[in-house]
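Participant: Kindly return the folded structure for what I paste below:
(one chain, ligands or ions: 1)
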Amino acid sequence: MISEKMQVELNEQVNKEFYSAYMYLAMSAYCNTIGLTGFAHWMRMQYEEESMHVTKMYDYILGQGGAVHLKAIEEPPQEYGTPMEIFKMTLEHEQFITRMIHKLMDLAIKEKDYATQTFLQWYVTEQVEEEANVNDILAPLKMVGDDKGGLMMIDQQLAKRVKPAPLPTKN
Ligand code: OFO
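Facilitator: All right, here's what the predicted structure looks like:
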């Protein structure tokens, strides 16, 4: 069982995770448009990952006897600039999501909601991994700068990102 307030805040987070998925899909489309198919693939996999974050939280709310409230998803930008700008924006977005997850955890602790604390721990760990993954891409991007050959090599590396493992299905 979750409190009314926790239900509201988890539903807000579902919306933010949907926005994350939406933004990464828009980034994927943009990368395709500028001819960086490896970057586009990485962003497409990130979209799939975020879609799972949505579903996992959705299932948790329902499993706790709560009500899911799906709200309108904000429109993401259509243009993202250079590969470096794309990944800087990605890092800033993930840092924002990390702060949101931590705020949720603060609420779960305040409410002595042990089940939600355990549930959110998965997201806390996931955010550490997500920020590290983005930093691992930003480092070589900084190194190659505007060098086209270097960018192509990074593009080939990003094309190898594997599809995230599916979550166990609930329904
Ligand atoms: Fe990128 O972790 Fe969810 O939003």
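
Participant: Going by C-alpha atoms from here, please, whenever you check contacts or count neighbours.
Facilitator: OK.

Participant: doesn't Q117 make contact with I109?
Facilitator: Yes - if you go by C-alpha atoms under 8 Å, I109 and Q117 touch, sitting 6.8 Å apart.

Participant: More neighbours: which of these two?
Facilitator: Q117 (18 against 13; other C-alpha atoms under 10 Å).

Participant: Show me the strands in the protein, by range?
Facilitator: Under the criterion DSSP state E, the chain contains no strands.

Participant: which stretches of it aren't confidently modelled?
Facilitator: 170-171 (pLDDT under 70).

Participant: what does this structure have sitting close to the ligand?
Facilitator: 17, 20, 50, 53, 94, 97, 127 (C-alpha under 6 Å from any ligand atom).

Participant: Show me the helices in the protein, by range?
Facilitator: 4-33, 37-63, 83-110, 114-144, 148-158 (DSSP state H).

Participant: so which of those helices gets nearest I73?
Facilitator: I73 lies closest to helix 4-33 among the helices of the chain, at 5.9 Å (C-alpha to C-alpha).

Participant: Okay, buried residues for the closest one please.
Facilitator: Neighbour counts over helix 4-33 (16 or more other C-alpha atoms under 10 Å) mark 6-31 as buried.

Participant: Same question for stretch 153-171.
Facilitator: 154-155, 158-159, 161.

Participant: Pull the residues that contact that stretch.
Facilitator: 36-42, 45, 48-49, 52, 56, 59, 140-141 (C-alpha atoms under 8 Å, 6 or more residues apart in numbering).

Participant: just stretch 126-141 next, same as before
Facilitator: With C-alpha under 8 Å, 6+ apart, stretch 126-141 has contacts from 83-84, 87-88, 90-91, 94-95, 97-98, 151, 154.

Participant: Try it again at 6 Å.
Facilitator: Contacts of stretch 126-141 from elsewhere in the structure, counted by C-alpha atoms under 6 Å, 6 or more residues apart in numbering, are T98.

Participant: List the residues that contact the spatially most central residue of the chain.
Facilitator: In the chain, the residue lying closest to the centroid (C-alpha atoms, centre = their mean) is E50, at 4.5 Å. When contacts are counted by C-alpha under 6 Å, 6+ apart, E50 touches A21.

Participant: Thank you kindly, that will do.
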